[in-house]
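Peer 1: Quick one, what's the 3D model for this:
(chains A and B)
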Amino acid sequence: EAGVAQSPRYKIIEKRQSVAFWCNPISGHATLYWYQQILGQGPKLLIQFQNNGVVDDSQLPKDRFSAERLKGVDSTLKIQPAKLEDSAVYLCASSFGLGEKLFFGSGTQLSVL
Amino acid sequence: AQRVTQPEKLLSVFKGAPVELKCNYSYSGSPELFWYVQYSRQRLQLLLRHISRESIKGFTADLNKGETSFHLKKPFAQEEDSAMYYCALRGTGFQKLVFGTGTRLLVSP
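Peer 2: Now for the predicted structure:
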């Protein structure tokens, strides 16, 4: 089966600029996750969708981060404006449903200069 | 609050030696524990989960509720086991998956 697709693979921006990441989950997977992984740390959940509804966004810095999954399939994560501390790998994952096995994408490596 | 601790950043062993990657957790309820692995230039993927009680690639992990631990073990390490290993916990009611900081396993010939 096709895996979770993410783009771009790499992005370099200057602080205060905006950036967007895209994720296409595995077909049929209702649950979609965005994780942030800072160098030397484990992945941290930013937001979790069940279809097009938000299940958990408690760790999403809502003053600068936003995410949507309008049709319950693809999702975009946006940062506006970016800060130096946003430099990280942003991982998208999907699962068939809540509590099911997660499948991860390759991630987008963001560098904020 | 859920917390996962992996005390070792790096574990270096020789091929054929036993391996134990440590994981301790903090959670007041009944957690679900997982080990995820990321091989070089590959995606993060599930290795095993405690409810399955299975051995994957020779690895096993037993949930010890008394010691709040979920250590990953393999009796004879192989070079292809070299990777980054993450312990993760999910609380009851399909709560979010919380990851530890990871341990890099390096198996030398």
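Peer 1: these two touch, right, residue B:18 and residue B:73?
Peer 2: Yes - counting by Cβ atoms under 8 Å, residue B:18 does reach residue B:73; the two are 7.3 Å apart. To be clear about C-beta, it is placed using only N, CA and C from the backbone, and glycine gets the same treatment.
Peer 1: the more surrounded of the two?
Peer 2: Of the pair residue B:18 and residue B:73, residue B:73 is the one with more neighbours under other Cβ atoms under 10 Å in any protein chain shown, namely 15 against 10.
Peer 1: Specify the beta-bridge partners of the more buried one.
Peer 2: Note on residue B:73: beta-bridge partners residue B:20, residue B:60, judged by DSSP bridges.
Peer 1: Apart from its neighbours in sequence, what residue is nearest the residue of chain A found nearest chain B?
Peer 2: Of all residues in chain A, the one sitting closest to chain B is residue A:42 (3.3 Å; Cβ to the nearest Cβ). Of all residues not flanking residue A:42 in the chain, residue B:99 sits nearest, at 3.3 Å (Cβ to Cβ, 6 or more residues apart in numbering or on different chains).
Peer 1: Which residues are in contact with that neighbour?
Peer 2: Residue B:99 makes contacts with A:42-44, B:4, B:36, B:86-88, as judged by Cβ atoms under 8 Å, 6 or more residues apart in numbering or on different chains.
Peer 1: Repeat that for residue A:45.
Peer 2: Residue A:45 sits next to A:33-35, A:56, A:59, B:96-98 when contact means Cβ under 8 Å, 6+ apart.
Peer 1: repeat for residue B:73
Peer 2: Contacts of residue B:73 (Cβ under 8 Å, 6+ apart): B:18-21, B:59-61.
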